[in-house]
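> fold the following for me, if possible:
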Amino acid sequence: MFVMELTYTAPVEAVEAVEEQMDAHIAWLDGYYAAGVFLASGRKVPRDGGVILAGGVSRAEIERIAAEDPFTVAGVCAYTVTEFIATKTSADLSTVRENPVV
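Residues are numbered from 1 along each chain as shown. A predicted model of the protein is given here:
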């Protein structure tokens, strides 16, 4: 599973640069929700970026997915991707639970 943390790189004064890409970013999110890759997403507080929980793909694939985000393509954000093994989850996320290799 992955935590994809995006941080806006556009200056705070240039919020319109982020807003210009918002519809395309939402369509990108919707596509990966439909594909079953994205599990949850939302804005960080304070609003300097966002967080996406994702699963079911490789590290290379998640890096490719992050690179095609319209925010990334427009140069208004950068991603930090953290991989973790979800050994305990809510019942709703049981399908992404993993058993670590010992």
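> which one is residue 51 nearest to, not counting chain neighbours?
residue 5 (5.4 Å; CB to CB, 6 or more residues apart in numbering). Just so you know, the C-beta spots here come from the backbone N, C-alpha and C atoms, and that holds for glycine as well.
> now the helix or strand hosting that neighbour: how far from the chain's centre is it?
If you go by DSSP states H and E, residue 5 is part of strand 2-8. Its chain's C-alpha centre and that of strand 2-8 lie 5 Å apart, by CA atoms, centre = their mean, to the nearest Å.
> which helix or strand lies directly C-terminal to that strand?
Next helix or strand after strand 2-8 toward the C-terminus (DSSP H and E): helix 15-34.
> re the thing from before, what about the residue nearest to residue 51, distance to residue 66?
10 Å (CB to CB, to the nearest Å).
> ditto for residue 60
Remark: distance between residue 60 and residue 66 (CB to CB) = 11 Å.
> and for residue 22?
17 Å.
> okay, these two: which has more neighbours?
Remark: of residue 22 and residue 66, residue 66 carries more neighbours, 20 against 11, as counted by other CB atoms under 10 Å.
> can you report how many residues lie near the residue lying closest to that one once chain neighbours are set aside?
Leaving aside its chain neighbours, residue 66 sits nearest to residue 79 (4.2 Å; criterion: CB to CB, 6+ apart). Burial of residue 79 is recorded as 18 neighbouring residues (other CB under 10 Å).
> same thing with residue 28?
Residues near residue 28, counting by other CB under 10 Å, number 19.
> what does residue 96 give?
Residues near residue 96, counting by other CB under 10 Å, number 15.
> so what strands line up beside the strand holding residue 5?
With DSSP bridges as the criterion, the sheet partners recorded for strand 2-8 are strand 49-54 (antiparallel), strand 77-83 (antiparallel).
> so what's the gap between the last one and the chain middle?
When C-alpha coordinates are averaged (CA atoms, centre = their mean), strand 77-83 and its chain have centres 8 Å apart.
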